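>>> Attaching a predicted model along with its sequence, questions to come.
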Amino acid sequence: MSVPGENTMRYKRRLRNYLLDAGLQLRYTAAIVFLATCLTAGLGYMIYQATLDTSRIISMTGLVDPASAEALQGEFASKDKMVLWGILGFGVVLIASVFSVGILITHRIAGPLFNIAAIFSRVRDNRIGPSLRGLRKGDELQGFFGHFRDMHEAIRRRTDDDIRLLGEAISVLEGIAQSPDQVAAIASLKDLRKDKEASLEG
């Protein structure tokens, strides 16, 4: 049995996931929608004007028979309205489709950028974390993310080397340490090694 509002909450959560960078995505999508709106409005206006002109010509030819002129004008006015509503309906569907596709396409760019920004924040906070997974199929910036992942892996390798060298240095120093200062230095090196080990765990 579904909980009331469950579907709505799931939809909102899904929509929010698609708007990872609302400023970037809505700005570019708005530009595409504006262009589509202008083109649709221009084309629709020309089609509607052509329909009106055709109706006028047919109505004028029907004036030779005054008995049927009024019926013809009413029929053509009704068809002109149908054409107008059809154009408006098509415009709404087109704009909604362009908006949806625009959000989807920009999401494929914003998603990788969002992940990269999150990884930068973790590295800044000394949380390098495990090796990175690749992007999802269909995401953009695949090549760029590949280089970024190589950089992240290089940082992990250097950190591993640092941990190994610190361990070797600590082992040597523990065998020769005599003064309190030397013991304190060894303790500092151990703390540094722990920090580096913790950074790799993320």
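Here it is on my side, so go on.

>>> My guess is residue 25 contacts residue 104. True?
No: if you go by C-beta atoms under 8 Å, residue 25 and residue 104 don't touch, sitting 9.6 Å apart. For glycine as for every other residue, the C-beta is placed from the backbone atoms N, C-alpha and C.

>>> can you give me the offset of the longest helix along the chain from its chain's centre?
In the chain, taking DSSP state H as the definition, the longest helix is helix 66-124. Helix 66-124 sits 19 Å away from the centroid of its parent chain (C-alpha atoms, centre = their mean, to the nearest Å).

>>> tell me what the helix or strand just after that helix is packed against?
Going down the chain from helix 66-124, the next helix or strand is helix 142-176, by DSSP states H and E. In terms of contacts (3 or more C-beta pairs under 8 Å, 6 or more residues apart in numbering; DSSP states H and E), helix 142-176 is packed against helix 66-124, helix 180-201.

>>> Lowest mean pLDDT across those, which one is that?
Of all these, the segment with the smallest mean pLDDT is helix 66-124, scoring a mean of 81.

>>> And it, what does it pack against?
helix 6-18, helix 22-62, helix 142-176.

>>> ok, residue 38 - how many residues close by?
Using other C-beta atoms under 10 Å, residue 38 has 10 other residues around it.

>>> go on, the one 4 residues further on?
The number of residues packed near residue 42 is 10, by other C-beta under 10 Å.

>>> now the end-to-end length of stretch 125-134.
Terminal residues of stretch 125-134 are spaced 22 Å apart (C-alpha to C-alpha, to the nearest Å).

>>> got the buried residues for that stretch?
For stretch 125-134, the neighbour count (16 or more other C-beta atoms under 10 Å) marks 128, 132 as buried.

>>> For residue 196, which of the helices and strands packed on helix 66-124 is the nearest?
helix 142-176 (5.1 Å; C-beta to C-beta).

>>> of residue 25 and residue 104, who's got more company?
For residue 25 versus residue 104, neighbours defined as other C-beta under 10 Å are more numerous around residue 25 (20 against 13).

>>> any idea how far residue 115 is from that one?
Using C-beta to C-beta, to the nearest Å, residue 25 is found at 15 Å from residue 115.

>>> Same question for residue 36.
30 Å.

>>> and the helices and strands packed on helix 142-176 as CSV, adding distance to residue 30?
Shown next, in CSV, are these (distance: least, C-beta to C-beta, whole Å):
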stretch, distance to residue 30
helix 66-124, 8
helix 180-201, 41
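
>>> right, and the ones you listed - which one's nearest residue 150?
So among the helices and strands packed on helix 142-176, helix 66-124 is nearest, using C-beta to C-beta, at 12.9 Å.
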